[in-house]
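In: How does the following fold in three dimensions:
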Amino acid sequence: MPLTFQPRVLLVWLVTLVMALSCLTGHAQTVTTGPDSARVSTPDVNDSLRRTEKLFGWRVTRPQKAALLALALPGSGQIYNRQYWKLPLVYGGLGGVGYLLVAYQSRYKEYVKGKKQFIAAQNAGTPITVAQLSGSRVNQEGTITNVQRGIVFYRRNRDTFIAYTALVYGVTILDALVAAHLRDFDISEDLSMRFDPAILPSSSFKQPATGLALTFTLK
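Out: Below is the predicted model of the structure:
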């Protein structure tokens, strides 16, 4: 049959797309060790779930707004999160699976139409050959059995790509949702450093030890 696609190739391609969209920003953490170690701290930031904005007259959180925008229009959630570099991934992914979905649906309809034409001619007492069927692909199948096989083949692949399209669409919405949660995290490499007095626990003595804490602050 003229249109074929290797499932393994598609699986690798989808996994690559998911991994690319899932490259989310890590967050800083505070580490405290013994008297001779440094302590790294980051300033408090507002929880993204507490910040609300209006969307179509409704008050929603930033993650909710990003997810709803991505649901309404693919890529709009990424635009809202200012992650413009993800747009080629979003539209490339949806465009790829969408193109194959439309192609399989078109050929499925052509084969169904050809089979109906063949049966109608038989019932009318004017039988025709497969080569006389309308359609540039179906009339090359040779037998009506091959036409039926084509119907099954294209229907199965069409249904598979409906699921793939829904999967990619869902990944783009999930990506916008998670990215909005991390939007307020300050991850810049511009650090300020200072020494602060600190009371640190000691494993050797009953009394805590005093010392200096080396504090890095993200600007």
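
In: ok, T61 touching K54?
Out: No: in this structure T61 lies outside contact range of K54 using CB atoms under 8 Å: 11.3 Å. Where C-beta positions appear, they are placed from N, C-alpha and C, glycine not excepted.

In: Settle it for me: which of these two has more neighbours?
Out: T61 (18 against 9; other CB atoms under 10 Å).

In: Could you export stretch 171-183 as CSV, CA atoms only?
Out: Extracted C-alpha coordinates of stretch 171-183, given in CSV (Å, rounded to 0.1, in the frame of the first residue of the first chain):
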residue,chain,number,x,y,z
VAL,A,171,1.7,17.0,26.4
THR,A,172,1.7,20.6,25.2
ILE,A,173,-1.1,21.4,27.7
LEU,A,174,0.8,19.7,30.5
ASP,A,175,4.0,21.4,29.6
ALA,A,176,2.3,24.8,29.8
LEU,A,177,0.8,24.0,33.1
VAL,A,178,4.1,22.8,34.8
ALA,A,179,6.1,25.6,33.2
ALA,A,180,3.7,28.2,34.7
HIS,A,181,4.2,26.7,38.2
LEU,A,182,7.9,27.3,37.8
ARG,A,183,7.6,30.7,36.2
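
In: Tell me the buried residues in that stretch?
Out: 171-181, 183 (16 or more other CB atoms under 10 Å).

In: Same check on stretch 134-145?
Out: Neighbour-count burial for stretch 134-145 [16+ other CB under 10 Å]: 135, 137-139, 141, 144.

In: Quick check: the gap between L101 and T145.
Out: Taking CB to CB, to the nearest Å as the measure, L101 falls 26 Å from T145.

In: err, Q83, not the other one
Out: 51 Å.

In: quick one, helices of the protein?
Out: 7-21, 62-72, 76-80, 87-123, 144-181 (DSSP state H).

In: With mean pLDDT as added columns, please give the ones you listed in a markdown table.
Out: Output for the helices of the chain, formatted as a markdown table (pLDDT from 0 to 100):
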| stretch | mean pLDDT |
| --- | --- |
| helix 7-21 | 57 |
| helix 62-72 | 89 |
| helix 76-80 | 93 |
| helix 87-123 | 93 |
| helix 144-181 | 94 |
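
In: want to try JSON lines for those helices, with distance to V130 as columns?
Out: Converted to JSON lines, those look like this (distance: least, CB to CB, whole Å):
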{"stretch": "helix 7-21", "distance to V130": "29"}
{"stretch": "helix 62-72", "distance to V130": "45"}
{"stretch": "helix 76-80", "distance to V130": "47"}
{"stretch": "helix 87-123", "distance to V130": "7"}
{"stretch": "helix 144-181", "distance to V130": "6"}
